[in-house]
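> Compute the structure for the input listed below.
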Amino acid sequence: MNLREIVFGARGRLKDQGMKRWRDPELVLAANEAKNELVKIIRQSKRDYFTTASTFSISPAPAQWIPTGFVLPADFAQLKDIQITDAGYEWIQFVHIDMADPRFKQMIETGGSFASGEGFFYYDIAGRQSVVVAPSPDMVLNGILYYSQTVPDMALPTDTPTGIPPEHHDFIVNFIVCECLRETNDPQLSGYLDKLEKQREMVVESLADQQVREPQFVRGFMEGEW
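Residues are numbered from 1 along each chain as shown. Below you'll find the predicted structure:
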(Lines give C-alpha, C1' and ligand atoms only; values in the text may rest on other atoms or scores of the structure.)
Protein backbone atom coordinates (compact mmCIF):
# COMPACT_ATOMS: atom_id res chain seq x y z
CA MET A 1 0.00 0.00 0.00
CA ASN A 2 1.08 3.55 -0.60
CA LEU A 3 0.46 6.23 2.00
CA ARG A 4 -2.74 7.47 0.36
CA GLU A 5 -4.16 3.94 0.51
CA ILE A 6 -3.03 3.55 4.13
CA VAL A 7 -4.74 6.79 5.17
CA PHE A 8 -7.88 5.88 3.21
CA GLY A 9 -7.99 2.49 4.91
CA ALA A 10 -7.64 4.06 8.35
CA ARG A 11 -10.43 6.55 7.62
CA GLY A 12 -12.65 3.68 6.54
CA ARG A 13 -12.21 1.87 9.83
CA LEU A 14 -12.74 5.11 11.72
CA LYS A 15 -15.81 5.96 9.63
CA ASP A 16 -14.16 9.30 8.97
CA GLN A 17 -14.76 9.71 5.22
CA GLY A 18 -17.36 12.50 5.25
CA MET A 19 -16.87 15.54 7.48
CA LYS A 20 -13.37 14.52 8.45
CA ARG A 21 -12.47 14.73 12.14
CA TRP A 22 -8.77 14.01 11.60
CA ARG A 23 -6.71 16.02 9.14
CA ASP A 24 -4.33 14.29 6.74
CA PRO A 25 -1.17 15.66 8.48
CA GLU A 26 -2.30 14.02 11.75
CA LEU A 27 -2.82 10.67 10.08
CA VAL A 28 0.47 10.93 8.17
CA LEU A 29 2.29 11.60 11.46
CA ALA A 30 0.68 8.53 13.00
CA ALA A 31 1.53 6.48 9.89
CA ASN A 32 5.21 7.35 10.20
CA GLU A 33 5.17 6.56 13.92
CA ALA A 34 3.67 3.19 12.98
CA LYS A 35 6.36 2.69 10.34
CA ASN A 36 9.07 3.38 12.92
CA GLU A 37 7.49 0.91 15.35
CA LEU A 38 7.25 -1.73 12.62
CA VAL A 39 10.89 -1.20 11.65
CA LYS A 40 11.85 -1.60 15.32
CA ILE A 41 9.95 -4.90 15.54
CA ILE A 42 11.57 -6.17 12.34
CA ARG A 43 15.09 -5.18 13.43
CA GLN A 44 14.62 -6.88 16.80
CA SER A 45 13.30 -10.02 15.10
CA LYS A 46 15.91 -10.21 12.35
CA ARG A 47 19.00 -8.17 13.08
CA ASP A 48 20.25 -7.95 9.50
CA TYR A 49 16.90 -7.59 7.73
CA PHE A 50 17.66 -4.07 6.49
CA THR A 51 21.36 -4.75 5.86
CA THR A 52 22.66 -3.93 2.40
CA ALA A 53 26.01 -3.21 0.77
CA SER A 54 27.66 -0.36 -1.11
CA THR A 55 31.03 -0.09 -2.83
CA PHE A 56 33.57 2.66 -2.11
CA SER A 57 37.06 3.83 -3.00
CA ILE A 58 39.69 5.42 -0.76
CA SER A 59 42.12 7.67 -2.60
CA PRO A 60 45.43 9.09 -1.36
CA ALA A 61 45.05 12.46 0.37
CA PRO A 62 46.57 15.52 -1.32
CA ALA A 63 48.84 16.00 1.70
CA GLN A 64 50.04 13.63 4.41
CA TRP A 65 48.45 15.57 7.27
CA ILE A 66 45.01 15.66 5.60
CA PRO A 67 42.69 12.74 6.48
CA THR A 68 40.94 10.88 3.69
CA GLY A 69 38.01 8.48 3.45
CA PHE A 70 34.72 8.05 1.60
CA VAL A 71 31.12 9.31 1.66
CA LEU A 72 28.43 7.18 3.27
CA PRO A 73 25.28 6.23 1.34
CA ALA A 74 22.30 8.55 1.80
CA ASP A 75 20.27 5.79 3.48
CA PHE A 76 23.01 4.84 5.97
CA ALA A 77 21.76 4.03 9.47
CA GLN A 78 24.27 1.72 11.16
CA LEU A 79 27.67 0.32 10.26
CA LYS A 80 28.02 -3.45 10.02
CA ASP A 81 31.41 -4.06 8.38
CA ILE A 82 34.02 -2.58 6.03
CA GLN A 83 36.15 -4.74 3.76
CA ILE A 84 38.77 -4.08 1.08
CA THR A 85 38.03 -6.04 -2.11
CA ASP A 86 41.22 -5.46 -4.14
CA ALA A 87 43.03 -8.75 -4.78
CA GLY A 88 45.91 -9.16 -2.34
CA TYR A 89 44.62 -6.53 0.09
CA GLU A 90 41.49 -8.20 1.48
CA TRP A 91 43.28 -8.75 4.79
CA ILE A 92 43.49 -4.99 5.58
CA GLN A 93 41.40 -4.28 8.67
CA PHE A 94 39.52 -1.23 9.93
CA VAL A 95 39.81 -0.42 13.64
CA HIS A 96 37.42 2.14 15.12
CA ILE A 97 39.06 4.99 17.03
CA ASP A 98 37.67 8.47 17.68
CA MET A 99 39.27 11.12 15.47
CA ALA A 100 40.17 13.08 18.60
CA ASP A 101 42.27 10.16 19.87
CA PRO A 102 46.04 10.93 19.73
CA ARG A 103 46.61 7.59 17.98
CA PHE A 104 44.39 8.68 15.11
CA LYS A 105 46.28 11.94 14.70
CA GLN A 106 49.62 10.16 14.94
CA MET A 107 48.59 7.72 12.21
CA ILE A 108 47.77 10.62 9.91
CA GLU A 109 51.22 12.10 10.55
CA THR A 110 53.23 8.88 10.24
CA GLY A 111 51.28 7.39 7.33
CA GLY A 112 51.30 3.82 6.09
CA SER A 113 52.35 1.75 3.08
CA PHE A 114 49.48 -0.28 1.65
CA ALA A 115 51.14 -0.74 -1.74
CA SER A 116 53.86 -2.79 -0.05
CA GLY A 117 51.30 -4.85 1.88
CA GLU A 118 51.69 -3.26 5.29
CA GLY A 119 49.45 -1.36 7.66
CA PHE A 120 45.78 -1.03 8.67
CA PHE A 121 43.22 1.75 8.89
CA TYR A 122 41.89 3.57 11.90
CA TYR A 123 38.43 4.91 11.07
CA ASP A 124 35.72 7.15 12.49
CA ILE A 125 32.35 8.37 11.22
CA ALA A 126 32.10 12.13 10.76
CA GLY A 127 28.62 13.56 11.15
CA ARG A 128 27.04 10.29 9.96
CA GLN A 129 27.90 11.44 6.44
CA SER A 130 31.36 10.06 5.78
CA VAL A 131 33.98 7.61 6.99
CA VAL A 132 37.35 9.22 7.77
CA VAL A 133 40.40 6.95 7.77
CA ALA A 134 44.03 7.21 8.82
CA PRO A 135 46.56 6.90 7.40
CA SER A 136 46.03 8.07 3.86
CA PRO A 137 46.78 5.15 1.52
CA ASP A 138 49.58 5.43 -1.01
CA MET A 139 47.33 3.85 -3.65
CA VAL A 140 43.61 3.78 -4.48
CA LEU A 141 41.88 1.03 -2.51
CA ASN A 142 38.40 -0.29 -3.32
CA GLY A 143 36.05 -1.94 -0.88
CA ILE A 144 32.56 -2.83 0.18
CA LEU A 145 30.57 -1.34 3.05
CA TYR A 146 27.89 -3.41 4.80
CA TYR A 147 25.36 -1.23 6.60
CA SER A 148 21.82 -1.10 7.92
CA GLN A 149 19.50 1.13 5.90
CA THR A 150 17.22 3.86 7.19
CA VAL A 151 13.53 3.58 6.37
CA PRO A 152 12.51 7.12 5.35
CA ASP A 153 9.33 8.82 6.48
CA MET A 154 6.45 8.70 4.03
CA ALA A 155 4.72 11.66 2.42
CA LEU A 156 1.45 11.82 0.51
CA PRO A 157 0.36 10.58 -1.89
CA THR A 158 2.46 7.72 -3.29
CA ASP A 159 5.28 7.01 -0.79
CA THR A 160 5.36 3.45 0.54
CA PRO A 161 6.97 1.89 3.65
CA THR A 162 10.36 1.21 2.06
CA GLY A 163 11.62 -2.33 2.55
CA ILE A 164 8.66 -3.44 4.70
CA PRO A 165 6.85 -6.51 3.32
CA PRO A 166 3.41 -5.57 1.90
CA GLU A 167 1.70 -8.22 4.02
CA HIS A 168 2.58 -6.17 7.10
CA HIS A 169 1.35 -2.78 5.83
CA ASP A 170 -2.01 -3.33 7.56
CA PHE A 171 -0.17 -2.97 10.88
CA ILE A 172 0.29 0.69 9.99
CA VAL A 173 -3.42 1.11 9.25
CA ASN A 174 -4.44 -0.36 12.60
CA PHE A 175 -1.77 1.66 14.42
CA ILE A 176 -3.30 4.87 13.01
CA VAL A 177 -6.76 3.71 14.07
CA CYS A 178 -5.53 3.02 17.60
CA GLU A 179 -3.96 6.47 17.89
CA CYS A 180 -7.20 8.14 16.83
CA LEU A 181 -9.39 5.99 19.08
CA ARG A 182 -7.04 6.65 22.01
CA GLU A 183 -7.46 10.38 21.44
CA THR A 184 -11.26 10.11 21.72
CA ASN A 185 -11.34 7.45 24.48
CA ASP A 186 -13.36 5.26 22.12
CA PRO A 187 -14.43 1.89 23.60
CA GLN A 188 -13.34 0.20 20.35
CA LEU A 189 -9.70 0.92 21.24
CA SER A 190 -9.29 -2.29 23.25
CA GLY A 191 -10.30 -4.45 20.29
CA TYR A 192 -7.95 -2.69 17.90
CA LEU A 193 -5.08 -2.92 20.39
CA ASP A 194 -5.65 -6.67 20.46
CA LYS A 195 -5.52 -6.76 16.65
CA LEU A 196 -2.31 -4.75 16.69
CA GLU A 197 -0.69 -7.13 19.17
CA LYS A 198 -1.65 -10.14 17.04
CA GLN A 199 -0.17 -8.41 13.98
CA ARG A 200 3.02 -7.75 15.94
CA GLU A 201 3.25 -11.47 16.73
CA MET A 202 2.63 -12.32 13.06
CA VAL A 203 5.53 -10.08 11.99
CA VAL A 204 7.89 -11.81 14.42
CA GLU A 205 6.70 -15.28 13.35
CA SER A 206 6.99 -14.54 9.64
CA LEU A 207 10.58 -13.35 10.00
CA ALA A 208 11.50 -16.35 12.13
CA ASP A 209 10.23 -18.63 9.35
CA GLN A 210 12.10 -16.89 6.53
CA GLN A 211 15.04 -18.76 5.09
CA VAL A 212 17.02 -15.69 4.08
CA ARG A 213 20.77 -15.86 3.50
CA GLU A 214 22.19 -13.08 5.66
CA PRO A 215 25.50 -11.38 4.88
CA GLN A 216 28.46 -13.37 6.15
CA PHE A 217 31.06 -11.10 7.70
CA VAL A 218 34.64 -12.25 8.09
CA ARG A 219 35.40 -9.90 10.97
CA GLY A 220 33.06 -9.29 13.89
CA PHE A 221 34.93 -6.68 15.90
CA MET A 222 32.72 -3.81 14.70
CA GLU A 223 29.40 -5.46 15.47
CA GLY A 224 27.37 -3.26 17.81
CA GLU A 225 29.68 -0.25 17.69
CA TRP A 226 27.15 1.96 15.91
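> so what's the residue most central in space within the chain up against?
Nearest to the mean C-alpha position of the chain, by Cα atoms, centre = their mean, lies Gln149 at 2.6 Å. Gln149 is in contact with 50-52, 75-77, 162-163, counting by Cβ atoms under 8 Å, 6 or more residues apart in numbering. Yep, even glycine has a C-beta here, placed from its N, CA and C like the rest.
> Enumerate every residue touching Glu167.
Counted by Cβ under 8 Å, 6+ apart, Glu167 has contacts Ser206.
> Any idea how many residues pack against Tyr89?
17 (other Cβ atoms under 10 Å).
> Would you map the helices across the protein?
3-14, 24-45, 102-110, 169-183, 189-209 (DSSP state H).
> If you compare the directions of the last one and helix 24-45, what angle comes out?
When you say that, I think you mean helix 189-209. 40 degrees (axes from the mean of the first three to the mean of the last three Cα atoms, to 10 degrees).
> name the helices or strands packed onto helix 189-209?
helix 24-45, helix 169-183 (3 or more Cβ pairs under 8 Å, 6 or more residues apart in numbering; DSSP states H and E).
> And the helices of the chain: which comes nearest Pro135?
With Cβ to Cβ as the criterion, Pro135 lies closest to helix 102-110 of the helices of the chain, at 5.0 Å.
> Check which residues of that closest one are buried.
104-105, 107-108 (16 or more other Cβ atoms under 10 Å).
> picking up where we left off before, mean neighbour count, the helices of the chain: which tops it?
helix 169-183 (a mean of 21; mean count of other Cβ atoms under 10 Å).
> centre of the chain versus it, how much separation?
Averaging C-alpha positions (Cα atoms, centre = their mean, to the nearest Å) puts helix 169-183 24 Å from its chain's average.
> what's next to it, contact-wise?
Contacts of helix 169-183 (Cβ under 8 Å, 6+ apart): 1, 6-7, 9-10, 13-14, 16, 21-22, 27, 30-31, 33-35, 37-38, 161, 186, 188-189, 192-193, 195-196, 199-200, 203.
> What of stretch 23-34?
With contacts defined as Cβ under 8 Å, 6+ apart, stretch 23-34 is touched by 3, 6-7, 10-11, 153-156, 171-172, 175-176, 179-180.
> chain center to the worst-scoring helix or strand of the chain on mean pLDDT: distance?
For the chain, counting by mean pLDDT, DSSP states H and E, helix 102-110 ranks last in confidence among helices and strands (a mean of 86). Mean-position distance between helix 102-110 and its chain equals 31 Å (Cα atoms, centre = their mean).
> same for that helix, what does it pack against?
Under the contact criterion of 3+ Cβ pairs under 8 Å, 6+ apart, helix 102-110 touches strand 121-126, strand 130-134.
> quick check: angle from the first one to strand 130-134?
In this case it means strand 121-126. Using the same axes, to 10 degrees: strand 121-126 against strand 130-134 is 150 degrees.
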